[in-house]
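Undergrad: I'd like to go over a predicted model; first the sequence, then the structure.
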Amino acid sequence: MEVDCSNFFQQLPIPDKFNEKNDKICAFVNQHKEAGSKVVLITSGGTTVPLESRTVRYIDNFSQGTRGSASAENFLHHGYAVIFLYRNRSLEPFSRHFSRLNLLDILELADDSSATQPIIVRREYEGKMKTMLLKYKKVMKSGRLLSIDFTTLNEYLHLLRASVLSLRQIRQSAMVYLAAAVSDFYIPKDQMPEHKIQSADGPLHFSLQLVPKLLGPLVMEWAPDAYVISFKLETDKNLLIRKAQEALKKYRHQLVIANVLETRKQTVVIVTNENNKTISLTNEQLLDGVEIEEHIVPELLVRHQQMMAEKCNETNF
Ligand code: PAZ
């Protein structure tokens, strides 16, 4: 069912710290516009949908932010500036490599408490820690990574629109990479109870409204010259390609990356108007720690570069 999105944003409350975050995004894009860099907006992780205004309970989803954070590292590696719009406490570039570890297990107290370095990194983590720290510090020094967090669907939607509108000014040098798992349903503010829902009132019944598909305005109005990549996730692999193709036809963006929930780290299909290209890792590659984003991102760089060249030729005519 189609939903009109023209007035949608007006009834979405402006989230806390929105202006502060928006200022950072605008400053970042301006800085990279001057430097002539390509900038990618990466969305990552899942959104929450609160059930109460003073929220105790909310609906969430499975996304951990692996796709987004791994892709961010790869785009940075290839020279892009990255706006990383991520779910608070989901995986972030570089630090994600230690996310399964307890920080206190990585560190050790020096034998001699009066040592100049009383806290040290345990030997088995030293190599990887040094590699990631070097990469992270280099990226931060170059000013090419801006991380902006969200938690709720409302925050995500406002920040997505603000980021894409800001990218509009760098035209085809912008890429939008929509890897976040965003809820399709929400409870409008005026239908949400203020206080914690009481179990004493009996079983809970509530109705969720559809979130309008914002990919349409994003592509057609917010940043019409950007290279836009959406993701399509399904659990039924028989639906996947058809739904990705339908999205492409409907929203007229450049590319859809289609993936199935259980195999998303091993196989994706790059769907365009011209053809479908499967990218897969072997079981050996997976065991060796190869990540599929190492293969996805270079594919996209080539296609983005081609589009930039085509647009450049068009304007020269
Ligand atoms: O965040 P993650 O690595 O656990 O999962 C990635 C993903 C499956 C959320 C992403 O590849 C994706 O398909 N995002 C769009 C989901 C959707 O169709 O709404």
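TA: Cool, got the structure.
Undergrad: in stretch 231-238, what counts as buried?
TA: 231-234 (16 or more other C-beta atoms under 10 Å). C-beta here means a position set from N, CA and C on the backbone, and glycine is covered the same way.
Undergrad: save those residues as JSON lines, and put in secondary structure too.
TA: As requested, those are exported to JSON lines (DSSP: H, G, I helix; E, B strand; the rest coil):
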{"residue": "F231", "secondary structure": "strand"}
{"residue": "K232", "secondary structure": "strand"}
{"residue": "L233", "secondary structure": "strand"}
{"residue": "E234", "secondary structure": "strand"}
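Undergrad: and for the residue nearest to V121 when sequence neighbours are not counted, the neighbour number?
TA: In this structure, V121 finds its nearest non-sequential neighbour in M129, 5.3 Å apart by C-beta to C-beta, 6 or more residues apart in numbering. Other residues near M129 number 15, with proximity taken as other C-beta atoms under 10 Å.
Undergrad: show me the contacts for M129.
TA: 98, 106, 121 (C-beta atoms under 8 Å, 6 or more residues apart in numbering).
Undergrad: so which of the residues you listed are in strands?
TA: Counting by DSSP state E, the contacts of M129 place V121 in strands.
Undergrad: what residues are up against S44?
TA: So S44 contacts 63, 65, 67-69, 71-72, 84-87, 90-91, 179-180 (C-beta under 8 Å, 6+ apart).
Undergrad: the residues you listed in strands, which ones?
TA: Per DSSP E, the subset of those in strands is 84-87.
Undergrad: from T278, how far out is the residue most central in space within the chain?
TA: The chain has T43 as the residue nearest its centroid, 1.7 Å off, counting by C-alpha atoms, centre = their mean. Counting by C-beta to C-beta, to the nearest Å, the gap between T43 and T278 amounts to 23 Å.
Undergrad: same check, this time on L41
TA: Taken as C-beta to C-beta, the span from L41 to T278 is 26 Å.
Undergrad: out of the two, which sits in the busier spot?
TA: L41 (27 against 10).
Undergrad: how far does stretch 41-53 stretch from start to finish?
TA: With C-alpha to C-alpha, to the nearest Å applied, stretch 41-53 spans 29 Å between its terminal residues.
Undergrad: still on that earlier bit, is the residue nearest to V121 in a helix, a strand, or coil?
TA: When the rule is three-state DSSP, M129 gets the label helix.
Undergrad: over to N273?
TA: coil.
Undergrad: what's the nearest residue to it if we skip its chain neighbours?
TA: Nearest to N273 is L248, by C-beta to C-beta, 6+ apart, at 6.3 Å.
Undergrad: give me the residues contacting the helix or strand containing that neighbour.
TA: Taking DSSP states H and E as the criterion, L248 maps to helix 237-251. Helix 237-251 has contacts (C-beta under 8 Å, 6+ apart) with 213, 215-216, 219, 230, 232, 234, 255-256, 258-260, 269, 271-273, 276.
Undergrad: in strands, which of those appear?
TA: Reading strands off the contacts of helix 237-251 with DSSP E, I get 230, 232, 234, 255-256, 258-260, 269, 271, 276.
Undergrad: wait, V40 sits on M175?
TA: Yes - between V40 and M175 there is a contact at 4.2 Å, judged by C-beta atoms under 8 Å.
Undergrad: the ligand contacts on the protein?
TA: 63-67, 179, 181-182, 231-233, 259, 264 (C-beta under 6 Å from any ligand atom).
Undergrad: out of these, which is nearest to I148?
TA: G65 (13.3 Å; C-beta to C-beta).
Undergrad: wait, the closest one sits on T47?
TA: No - G65 is beyond contact range of T47, at 11.8 Å (criterion: C-beta under 8 Å).
Undergrad: could you pull up the residues touching L76?
TA: 82, 93, 139, 144-145.
Undergrad: actually F206, not the one I typed
TA: 51, 187.
Undergrad: from Q11, how far out is it?
TA: 18 Å.
Undergrad: list the helices and strands the longest helix seen in the chain packs on?
TA: The longest helix of the chain (DSSP state H) is helix 293-316. Secondary-structure packing of helix 293-316 (3 or more C-beta pairs under 8 Å, 6 or more residues apart in numbering; DSSP states H and E): helix 66-77, strand 174-178, strand 227-234, strand 255-260, strand 267-271, strand 276-280.
Undergrad: pick the most deeply packed of the ones you listed.
TA: Greatest average neighbour count among these goes to strand 174-178 (a mean of 26), per mean count of other C-beta atoms under 10 Å.
Undergrad: what is the next helix or strand after that strand packed up against?
TA: Sequence order places strand 185-186 as the next helix or strand after strand 174-178, per DSSP H and E. On a contact count with 3+ C-beta pairs under 8 Å, 6+ apart, strand 185-186 meets strand 209-210.
Undergrad: tell me which other helices or strands the strand it packs on touches.
TA: Using 3+ C-beta pairs under 8 Å, 6+ apart, strand 209-210 is in contact with strand 185-186.
Undergrad: paired strands for the strand it packs on, with orientation please.
TA: Within its sheet, and counting by DSSP bridges, strand 185-186 is paired with strand 209-210 (antiparallel).
Undergrad: thank you kindly, that will do.
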